[in-house]
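Engineer: Mind looking at a prediction? Sequence and model below.
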Amino acid sequence: EEEEEAIGFLDKVLEDEDVFLLEECELGTPTSPGSGSPFLVAVKVEAGKGLEMRKLVLSGFLASEEIYINQLEALLLPMKPLKATATTSQPVLTIQQIETIFYKIQDIYEIHKEFYDNLCPKVQQWDSQVTMGHLFQKLASQLGVYKAFVDNYKVALETAEKCSQSNNQFQKISEELKVKGPKDSKDSHTSVTMEALLYKPIDRVTRSTLVLHDLLKHTPVDHPDYPLLQDALRISQNFLSSINEDIDPRRTAVTTPKGETRQLVKDGFLVEVSESSRKLRHVFLFTDVLLCAKLKKTSAGKHQQYDCKWYIPLADLVFPSPEESEASPQVHPFPDHELEDMKMKISALKSEIQKEKANKGQSRAIERLKKKMFENEFLLLLNSPTIPFRIHNRNGKSYLFLLSSDYERSEWREAIQKLQKKDLQAFVLSSVELQVLTGSCFKLRTVHNIPVTSNKDDDESPGLYGFLHVIVHSAKGFKQSANLYCTLEVDSFGYFVSKAKTRVFRDTTEPKWDEEFEIELEGSQSLRILCYEKCYDKTKVNKDNNEIVDKIMGKGQIQLDPQTVETKNWHTDVIEMNGIKVEFSMKFTSRDMSLKRTPSKKQTGVFGVKISVVTKRERSKVPYIVRQCVEEVEKRGIEEVGIYRISGVATDIQALKAAFDANNKDILLMLSDMDINAIAGTLKLYFRELPEPLLTDRLYPAFMEGIALSDPAAKENCMMHLLRTLPDPNLITFLFLLEHLKRVAEKEPINKMSLHNLATVFGPTLLRPSEVESKAHLTSAADIWSHDVMAQVQVLLYYLQHPPISFAELKRNTLYFSTDV
C-alpha cells in the first residue's frame, strides 16, 4: 500500500500541470523568465507582500523539516543496537539485512540536519535581505542520495517484512518506533511503524518540490534567490520525473422481423453502472431494439467503430418499478468536493486556453490544455449523475443507467414506450446481424460528441454566466385535482442538472406557487421546467435516495437567449406541456452586476450595515440576526434536506429582512412561524448584503494566495495568521458560523448537506469582495468568476475541515506551526 501510495503521490504531482509542466522542462541551463517554460514564467510580485508570504512558506516548511528530521532519527535509533548484536552469537539481523533496510538513511539525515541548521537562524532573524536560495540549491544537488534510496526502497521494504515475520524481536521494534515531537508541541513522542517511516523520504522530495514552487511564486524576479530557486526547482522536477519512471513500470440487421426498415429513433451518451463502476456508453434506440455500445479505441486514421455491450428487443424490455428493483448494484456516489475540484480545474483551464488564444499562443500548448480540459470534463460527466434509470429484459438481465436530469430520463422512457405501442415481435440477432447493426450505428448516430464544453466549436455560443431569477407563478390545464410541484433544470458544464423545486401545492387543478428562485448559471443555454404530481404512497417510496417516484405531469424547455434575457426587467412567459400551461417570469443578472455589494444608505438597520457598527450598537459579540437565525435552524432545520441550498420563498425573506431592520418586537414569533428555508435564506442574505465581506476586502488577496499554497504546513501557518488579522467582530462571528455549519454537516446522512455543499453555498457569500478588481485584464467575467468562486469555496472548506479553532487560542498563538506532516 505504501508503495502504491508513493507511486500515486508522484503521479499526482507529475500530472498536475497547474504545478509542473515536465515536458516543457529542459535539462541543461536554467531557462530565463519569459523563454517559454510555463512554470518558470514569473509574476512580478509586490516586494513587501511577496517577502511576507515567503516567510510564512518558510516557517511552515521549517516546522515540517524538524518533524522529518525527528522521523529519520527515529528510524536510525534501532540501527546501532542491531549492528552491535549482528556480530554476536544471537544476531537479530545480519549486517547485510541491516544495510539493506537502513540504506542511505544516515546520509539523508545528515543532509537535512545541515540544511535545517543553516535555514533556521535565517527564518528566525528574518528581514527582506535574507537569502537562502543557495541552501535549496545545495539540497537539490544532493538528490543523488535519494535516487539511491529510491532504487533500494522496494528491496528495503521486502527485507524488513521478511525479517519481521521470521524474528519476533525485530517485529516488535519495527511496529513501534518512537518519533520525538516538535520542540513547542505538547506531545513528547508518537509511535510510528518502520514501514511508514521508510516511505517518508519519497514523500519528502515531493514536498520540497511543492515548497520550491510556492517560494518561487512569492519571490520577486530581481531577488538574488530567484535564479537559485529556479535551478533547484528544475533539478527537483527532473529528478521526480526520473524516479517516477523507475518506480512505475506500468505506463441483416437493418430490417425488423416483419421486414420493415429498422430506423434509428434516438441516441445519446448515458452512464451505465457495470460491475459496480461507471462506464460511459452510447445508447441507440431503433424501431424495435435498444442497443448499448461503446466506442472502440482505434489507431489514428482508422474508421471509428462501435462495440455492442448488450441489446434488448423492445418486445422484451420492461421498466421495473422501484420496489421491484431490489438487487440493483450499489454504486457509491462521488464526493461532492471532488466534483467541485474538477469544476475548478475546468474553469482554470478554460481561462488559460482563452489567454493563450488572446496572446496568439502556440497551437501545441492550446491543444495540450484542451486535452487536459476534456479529461476533466469527461470525469465530471462520468461521476456526477445520480438519478437511476433501470431497464429490465423479461428474459433475465437488468441494467442500470445513472442520469443527471429527470427530464432526459423521461424522454428516454417516453420514446421507448411510444415504440412499444406498436405490435412488436421478440427476436434474437445472429452475430453477423449484430455486427451489421452495430456497424450502422456509426453512420446513423445523431449525437457525435460527448456532451462536454470542450467539444463545442469556437463559434458556438458560450452560454450565460451569472444568476437567473425565476418566479414560478402558476399552472393551468389539469384534468383533476392533485398535489403539484415544479422543478427547474439548467445545463451547466454541458449537461443538465436540477437546480430548484417549488413547494407542493395540495389538492388543486390550478396551483399558484408564486415562488422566486435564484439559479446560478455556468455556461447555460436552456431552462427546463418539469411539473410533478407528488406521490405520498409509502409503498412506492423507494430505498434508493436518488429515486424520483413522483409522476411527471408535463415538461418543457426554452432557450435562454441572451438578447431577451439580459434586461433589467422581468420577462413573463408560458411553457406549454401536455395541455398544461406553466406561467413564469425571469430576469438575468450577469456576473459583473451580481458581484456588487451595496452599502445601506441608512445606518439604523442591520442589512447593508458594517458588522462592527451593528455589534457596537447591540453591545454584542455576534449580531442578533445571526444568533437568532442559527438558533432557529438548529432547533428545527438541521435535518431539513438541502438546508441552505434550497431557496426560501423570496417574499418571506423580504418580510424577515424588514422585521430585523426595524427591530420588530414580534421577530421571535415571526421566526417560529416561518418556513425554515426562508430563515436560512435570510441569514445568507445578511452576509451577502454586508457592505464588505465578513472576511474583509483587505485580506481577500491574501486568502486567495494562502489557499493556493501547496505545502500543508505553510498553508496552515498562513490561514491561521489571516484569521488572527481579522477585526474581532468579524472573527468571532466567523467562528460562530463555522461551528454551526459543522453541526449542520454532522447530519449529512439526513440533510444531504456535506461540508463541501455548505462551503459552496457560503464561500462566495463570506469572501466575495465588494468590487471586482479592475476588469481590464480579465479574459471574461465568467472565467475569472468561476475560478474565484472555486477558490472562495476552498477557503471556507479549509476552515470547515480544520479541527475546532478557538478565539482565545488564535489570539494567544503568534506563530501557528502544524505538526501534521
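Structural biologist: Sure thing, it's come through. Numbers count the residues shown, from 1 in each chain.
Engineer: Need the outlier residue of the protein, farthest from its centre.
Structural biologist: With distances taken from the mean C-alpha point of the chain and given as C-alpha atoms, centre = their mean, the most distant residue is residue 89, at 59.0 Å.
Engineer: can you pull out the helices in the stretch 701-821 of the chain?
Structural biologist: Using DSSP state H, counting those that start in this stretch, the helices of the stretch 701-821 of the chain run over residues 712-725, 728-746, 748-751, 755-767, 781-801, 807-812.
Engineer: Nearest approach to residue 100 belongs to which of those helices?
Structural biologist: Residue 100 sits nearest to helix 712-725 of all those, at 31.6 Å, using C-beta to C-beta. C-beta here means a position set from N, CA and C on the backbone, and glycine is covered the same way.
Engineer: Using CSV, write down the CA coordinates of the closest one.
Structural biologist: C-alpha atoms of helix 712-725 as CSV (Å, rounded to 0.1, in the frame of the first residue of the first chain):
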residue,chain,number,x,y,z
PRO,A,712,0.3,21.9,4.2
ALA,A,713,2.5,23.4,7.0
ALA,A,714,2.9,26.7,5.1
LYS,A,715,-0.8,26.8,4.3
GLU,A,716,-1.8,26.2,8.0
ASN,A,717,0.6,28.9,9.1
CYS,A,718,-0.8,31.4,6.6
MET,A,719,-4.5,30.6,7.0
MET,A,720,-4.3,30.9,10.8
HIS,A,721,-2.3,34.1,10.6
LEU,A,722,-5.0,35.6,8.3
LEU,A,723,-7.8,34.7,10.8
ARG,A,724,-5.8,36.4,13.5
THR,A,725,-5.6,39.5,11.4
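Engineer: So what touches that helix?
Structural biologist: 53, 56-61, 63-64, 211, 214, 699, 702-703, 705-707, 709, 731, 734, 795, 798-799, 802, 805, 810-811, 813, 815-818, 820-821 (C-beta atoms under 8 Å, 6 or more residues apart in numbering).
Engineer: Drop anything exposed from those residues.
Structural biologist: 53, 56-61, 63-64, 211, 214, 699, 702-703, 705-707, 709, 731, 734, 795, 798-799, 805, 810, 816-818, 821 (16 or more other C-beta atoms under 10 Å).
Engineer: so residue 729 makes contact with residue 621?
Structural biologist: Yes - between residue 729 and residue 621 there is a contact under C-beta atoms under 8 Å: 7.1 Å.
Engineer: Between those two, tell me which one has more neighbours.
Structural biologist: residue 729 (20 against 14; other C-beta atoms under 10 Å).
Engineer: pLDDT wise, what is the more buried one at?
Structural biologist: We note a pLDDT of 96 for residue 729 in this prediction.
Engineer: Chain neighbours aside, what residue packs nearest to it?
Structural biologist: residue 615 (4.4 Å; C-beta to C-beta, 6 or more residues apart in numbering).
Engineer: what about the one you found, is that helix, strand or coil?
Structural biologist: helix (DSSP: H, G, I helix; E, B strand; the rest coil).
Engineer: got the contact list for it?
Structural biologist: So residue 615 contacts 621, 622, 623, 729, 733 (C-beta under 8 Å, 6+ apart).
Engineer: which pair in these spans the largest distance?
Structural biologist: Pairwise over these, using C-beta to C-beta, the maximum falls at 621 and 623, 9.0 Å.
Engineer: where do the contact lists of those two overlap?
Structural biologist: Common neighbours of residue 621 and residue 623 (C-beta under 8 Å, 6+ apart) are 615, 733.
Engineer: hmm, back to that, for the residue farthest from the centre of the chain, helix, strand, or coil?
Structural biologist: Applying three-state DSSP: residue 89 is coil.
Engineer: One more: the one 3 residues further on?
Structural biologist: Three-state secondary structure (criterion: three-state DSSP) places residue 92 in coil.
Engineer: again with the one 5 residues further on
Structural biologist: Using three-state DSSP as the criterion, the local structure at residue 97 reads helix.
Engineer: confidence score at it?
Structural biologist: 90.
Engineer: what do you get for residue 819?
Structural biologist: Reported pLDDT for residue 819: 40.
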